[in-house]
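Undergrad: I would like the atomic coordinates for the input below:
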Amino acid sequence: MNTVITKLLESVLNPATQKSIVKENRLVGIKELENGSVEVKYNRDNIPTLVKRELEDSMCKVLSAICSPDKLIIVSVSSEQEEIHLAAEKSRNAKESNGPKPQANIKVGHGSIGNKVRVAGVKKLLAVASGKGGVGKSTFSVNFSLALKQLGYKVGILDADIYGPSIPMLLNKREEKPLAGANKKILPVSSYGLKFISFGLFSGENDPVIWRGPMLGGVINQFLFDVDWGDLDFLILDLPPGTGDVQLSMVQNSEVDGAIVISTPQDVALLDAKKGLYMFRKVNVPVVGMVENMSYFICDQCDKKHYIFGDGGVEIAAKELGVSFLGGVPFNKDLRVGSDKGTPYMADLGNEGSDVWNAYMEIAKKVK
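TA: You can find the predicted model right below:
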């Protein structure tokens, strides 16, 4: 965790010098306390009081991605004195004086429901869920987003899978680091004409995320409301597998316009996909429809369709559940290779007219 905090603080600049506080060696220590709070101690020598306040506000803003404000303690030390500031109180006072618009406060793991808030500049927020891991949900989210882009829409992707973020790899931006804009909001990364944000951009690929619910809520809250998304026709919310705290908290506290449920045809995947669909119904989020991923495979040798995971399972389930069947996406080697290399299938115009291409385009046309 110390490594993640240090990386986040690299973007915090000393207003007096415009240099990173990490590069100025001002970071004294990071400590996780027994009550779950995080203490960050820094050296404030030669920093005027007014500048110090601005600096600490920036630190609070950046660290809210991983720590709830009421669990963040910033300690400033100098050769003359030591001061302790509760980040939550400072942040609240600053926000109240500016009179901002209300924002959702997603508290993962607390079981609380706040006022639903729209993401600024986003016309439609669509959640992509699977209920089960390994069904190709993130691959679908990327290529579906690119299909919407082919139709002329402005599209962004929010990678909500904190434990296993894969969007940076799929969009060939594994080494990219987000920047902060003039309004101190995070600027999303752009790739293939899509805007996206992912925790994978902030942490190392081999660094495990060992966090409990409240810290996850801080990240998701920042990704929704502290990212400068600009004007988007669609923001695709790539949810993690299952129906846990992250999924439930997001759809309860932000205005989600609809959900697409992804599944492969076999019964074991459909069992979990149905649970995901029922979750959206219980929290009054419209289900746009279901998509069958890895629907079939066309053999290079015999040129015949092979239904490896079963034939038509998702379409049958959609009819039973009373939702639209949006279509099936074939299993294709080029689709898999492109995902591994960070060259999405739907970004390559050379694939236009193929079964996979046509499947994604038909789904996008139904959703618009």
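Undergrad: With adjacent residues omitted, what lies nearest to S20?
TA: E10 (5.2 Å; C-beta to C-beta, 6 or more residues apart in numbering). (Each C-beta comes from the backbone N, C-alpha and C, glycine too.)
Undergrad: Can you tell me how far that neighbour is from F297?
TA: 45 Å (C-beta to C-beta, to the nearest Å).
Undergrad: For the protein, which segments count as helices?
TA: For the chain, applying DSSP state H gives helices covering 2-9, 49-63, 87-98, 137-150, 167-170, 213-225, 245-253, 267-282, 313-321, 333-341, 355-367.
Undergrad: Give me the packing partners of the fifth one, helices and strands only.
TA: Using 3 or more C-beta pairs under 8 Å, 6 or more residues apart in numbering; DSSP states H and E as the contact test, the elements touching helix 167-170 are helix 137-150, strand 155-159, strand 194-198, helix 333-341.
Undergrad: residues near P286, how many?
TA: Using other C-beta atoms under 10 Å, P286 has 12 other residues around it.
Undergrad: Settle this for me: it is touching G258, isn't it.
TA: Yes: P286 is within contact range of G258, at 4.8 Å (criterion: C-beta atoms under 8 Å).
Undergrad: thinking again about what came up before, contacting residues around the residue nearest to S20?
TA: S20, V22, K23 (C-beta atoms under 8 Å, 6 or more residues apart in numbering).
Undergrad: Report pLDDT for V287.
TA: V287 is assigned a predicted lDDT (pLDDT) of 92.
Undergrad: Surely it touches V256?
TA: No: counting by C-beta under 8 Å, V287 does not reach V256; the two are 10.8 Å apart.
Undergrad: Pull up the overlap in contacts between these two.
TA: With C-beta under 8 Å, 6+ apart, V287 and V256 have no common neighbours.
Undergrad: roughly how far apart are T3 and K71?
TA: Using C-beta to C-beta, T3 is found at 19 Å from K71.
Undergrad: again with K304
TA: To K71, K304 is 58 Å away according to C-beta to C-beta.
Undergrad: for L277, same thing?
TA: Applying C-beta to C-beta to L277 and K71 gives a distance of 34 Å.
Undergrad: With K123 instead?
TA: 34 Å.
Undergrad: try L232
TA: 31 Å.
Undergrad: same check, this time on M169
TA: 31 Å.
Undergrad: that older thread, between L277 and K71, point out the one with more neighbours.
TA: A count of neighbours by other C-beta under 10 Å puts L277 above the other of L277 and K71, at 24 against 20.
Undergrad: That one is in contact with V323, isn't it?
TA: Yes: L277 is within contact range of V323, at 7.0 Å (criterion: C-beta under 8 Å).
Undergrad: hey, what's in contact with both of these two?
TA: V261, V287, M290.
Undergrad: got a pLDDT number for the closest residue to K116 other than its chain neighbours?
TA: Once flanking residues are discounted, K116 sits nearest to E255: 4.8 Å by C-beta to C-beta, 6+ apart. Note for E255: predicted pLDDT of 86.
Undergrad: Likewise for R174?
TA: R174 is given a pLDDT of 88.
Undergrad: Which pLDDT value belongs to the closest residue to it other than its chain neighbours?
TA: Closest residue to R174 apart from its sequence neighbours, by C-beta to C-beta, 6+ apart: P168 at 5.0 Å. Listed pLDDT for P168 reads 93.
Undergrad: how much space is there between P168 and D272?
TA: According to C-beta to C-beta, P168 and D272 sit 26 Å apart.
Undergrad: okay, those two: which has more neighbours?
TA: Neighbour tally, P168 and D272, criterion other C-beta under 10 Å: the higher count belongs to P168, 23 against 19.
Undergrad: Surely that one and L201 touch.
TA: Yes: counting by C-beta under 8 Å, P168 touches L201, with 5.7 Å between them.
Undergrad: tell me, what's touching those two both at once?
TA: Joint contacts of P168 and L201 (C-beta under 8 Å, 6+ apart) are E176, V189.
Undergrad: and the closest residue to T139 other than its chain neighbours, what does it touch?
TA: Nearest non-adjacent residue to T139, counting by C-beta to C-beta, 6+ apart: S339, 5.1 Å away. S339 sits next to T139, V142, M169, L170, Y345 when contact means C-beta under 8 Å, 6+ apart.
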